[in-house]
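S.K.: Generate coordinates for the sequence data below:
(one chain, ligands or ions: 3)
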Amino acid sequence: MLRAEGDDRLALFRRAVEVKAQYVQNKVYFRGLIEFSNICLKNCFYCGIRRDSKNVRRYNLSDEEILGAARFAYENDYGSIVLQSGEVDTPAFVERVDSLLRRIRELSDGALRVTLSLGEQAEETFRRWFESGAHRYLLRIEASNPELYRKLHPHDERHRFERRLEALQTLQRIGYQTGTGVMIGLPLQRMEDLADDLLFMQRFNIDMVGMGPYIEHRDTPLYAFRAKLLPLAERFDLSLKMVAALRILMKDINIAAATALQAIDKLGREKAIQVGANVIMPNITPGEYRDDYALYENKPCTDESPEDCKACLEARIAIANSTVAYGEWGDSLHYGRRTGG
Ligand code: 5AD
Ligand code: SF4
Ligand code: FES
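M.R.: Ligands and ions are numbered 1, 2, ... in the order given. Have a look, this model is predicted:
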């Protein structure tokens, strides 16, 4: 499926559209994304905000700014938010997130579903946050082939493949709706690796997936391999095929239209919606910090406000023949079935 061209490629997309309509309908769920800090203790070779990057203005939103963004999502009926930051696991950070979760539950009367995307943490931390109101967690495996993973990360305790895999298993065991994902078109990645990534998600019985094209960033070690990359247009098309193939493979999961798609193609996210994705993450980070959360180059929406992105996405989703499911949590149907709920 990933190598399909011409009629085969169109047949793949057509089948994904059918499966989507039958299993998850033509609704798109919003997750208001709050990128609340770009401080990170990790040093992934591909990422623009890695610890050693000196050209990054580090920021950390205040609690009031984060709660203000959560209130925006609540008042605009988004149903759900995502708290994302670089990976930090200090006691003060753990405590802070815990208190934010409680205050978000309070201000929204429990009407907002909260997803965390805060990297690898101790089991105790995952449990604590679950009890304080986070019920979904995103932790991309990045590359499910351990050998490839090792080429993309430093070789130390903080960047061990096995540790990441264990964290994902722990999240699932605790009862989180568990999300993962990979980057598509990485240097040294083969087509077989991507096929295996999809089978990894299936074997893992994952509830949600966010995956998008790898986009080089000039201030990162991986930039040295840019000559080996597929052209951007091919990375983009491969990403769409990954979404379509995954929709066919795992019919009832939630699949996000990755923001990175839009760094390549202005209509990237709506194209992903058209071939199987059913979740979009409108950025609701207060404007002045958006520029500084640059994991990759050409990240969209850095000059826009939460209101701009809302209006923009509504129009885009209408073009993709879908509607925004306001006021709904949009829990992964797969999670419901998997847990017998
Ligand atoms: N290109 C695309 N995606 C990236 N990420 C990090 N760096 C890049 C890049 N250069 C992704 C990782 C991470 C997510 C938050 O962003 O998959 O999990
Ligand atoms: Fe930190 Fe995530 Fe970037 Fe890795 S990908 S350096 S964990 S922000
Ligand atoms: Fe942010 Fe279009 S989605 S400006």
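S.K.: only C-alpha atoms for contact and neighbour calcs from this point on.
M.R.: Noted.
S.K.: in the stretch 151-300 of the chain, which spans are strands?
M.R.: In the stretch 151-300 of the chain, the strands defined using DSSP state E, counting those that start in this stretch lie at 177-180, 183-184, 208-213, 254-257, 279-280.
S.K.: Report the next helix or strand after the last one in sequence order.
M.R.: By that I understand strand 279-280. Scanning forward in sequence from strand 279-280 by DSSP states H and E, the next helix or strand is helix 306-319.
S.K.: Going by neighbour count, which residues of the helix or strand containing Ala70 are buried?
M.R.: Using DSSP H and E, Ala70 sits within helix 63-75. Buried residues in helix 63-75, counted by 16 or more other Cα atoms under 10 Å: 66-74.
S.K.: do the same with stretch 17-29
M.R.: Neighbour counts over stretch 17-29 (16+ other Cα under 10 Å) mark 17, 19-20, 24, 26-29 as buried.
S.K.: Let's see which of the residues you listed end up in strands.
M.R.: Judged by DSSP state E, strands contain the following of those: 27-29.
S.K.: for the buried residues of helix 63-75, which one is nearest ligand 1?
M.R.: Ile66 (18.2 Å; Cα to the nearest ligand atom).
S.K.: doesn't Glu35 make contact with that closest one?
M.R.: No. Ile66 is not in contact with Glu35 according to Cα atoms under 8 Å; the separation is 9.0 Å.
S.K.: sorry, back to before: quick check, nearest of the buried residues of helix 63-75 to Gly119?
M.R.: Closest approach to Gly119 among these (Cα to Cα): Ile66, at 18.4 Å.
S.K.: Distance check, that closest one against Gly327.
M.R.: Noted for Ile66: a distance of 20 Å to Gly327, by Cα to Cα, to the nearest Å.
S.K.: The residue sitting nearest the centre point of the chain bridge partners, please.
M.R.: Taking Cα atoms, centre = their mean, the centroid of the chain lies closest to Gly210, which sits 4.1 Å from it. For Gly210, the beta-bridge partners are Ala256 (DSSP bridges).
S.K.: Tell me how far it lies from Arg140.
M.R.: For Gly210, the distance to Arg140 (Cα to Cα) stands at 8 Å.
S.K.: And Leu246, by the same measure?
M.R.: From Leu246 across to Arg140, the span is 15 Å (Cα to Cα).
S.K.: got it, and Ala195?
M.R.: Here the distance between Ala195 and Arg140 works out to 16 Å (Cα to Cα).
S.K.: do the same with Gln84
M.R.: Applying Cα to Cα, the value for Gln84 to Arg140 is 12 Å.
S.K.: So those two - more neighbours on which side?
M.R.: Between Gln84 and Arg140, counted using other Cα atoms under 10 Å, Arg140 has the larger neighbour count: 21 against 18.
S.K.: Is that one in contact with Ala167, as I believe?
M.R.: No. Arg140 is beyond contact range of Ala167, at 10.6 Å (criterion: Cα under 8 Å).
S.K.: Just the element for Arg9, please.
M.R.: Going by DSSP H and E, Arg9 is part of helix 6-23.
S.K.: Just the CA trace of that helix, in PDB.
M.R.: As requested, the backbone C-alpha atoms of helix 6-23 are provided in PDB (Å, rounded to 0.1, in the frame of the first residue of the first chain):
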ATOM      1  CA  GLY A   6      -1.600   5.600 -10.100                       C
ATOM      2  CA  ASP A   7      -4.800   3.600  -9.900                       C
ATOM      3  CA  ASP A   8      -3.600   1.600  -6.900                       C
ATOM      4  CA  ARG A   9      -2.900   4.700  -5.000                       C
ATOM      5  CA  LEU A  10      -6.400   6.100  -5.700                       C
ATOM      6  CA  ALA A  11      -7.900   2.700  -4.700                       C
ATOM      7  CA  LEU A  12      -6.100   2.900  -1.400                       C
ATOM      8  CA  PHE A  13      -7.400   6.300  -0.700                       C
ATOM      9  CA  ARG A  14     -10.900   5.400  -1.800                       C
ATOM     10  CA  ARG A  15     -11.000   2.300   0.500                       C
ATOM     11  CA  ALA A  16      -9.800   4.400   3.400                       C
ATOM     12  CA  VAL A  17     -12.600   6.900   2.800                       C
ATOM     13  CA  GLU A  18     -15.200   4.100   2.900                       C
ATOM     14  CA  VAL A  19     -13.800   2.700   6.100                       C
ATOM     15  CA  LYS A  20     -13.700   6.100   7.700                       C
ATOM     16  CA  ALA A  21     -17.300   6.900   6.700                       C
ATOM     17  CA  GLN A  22     -18.500   3.500   8.000                       C
ATOM     18  CA  TYR A  23     -16.600   3.400  11.300                       C
END
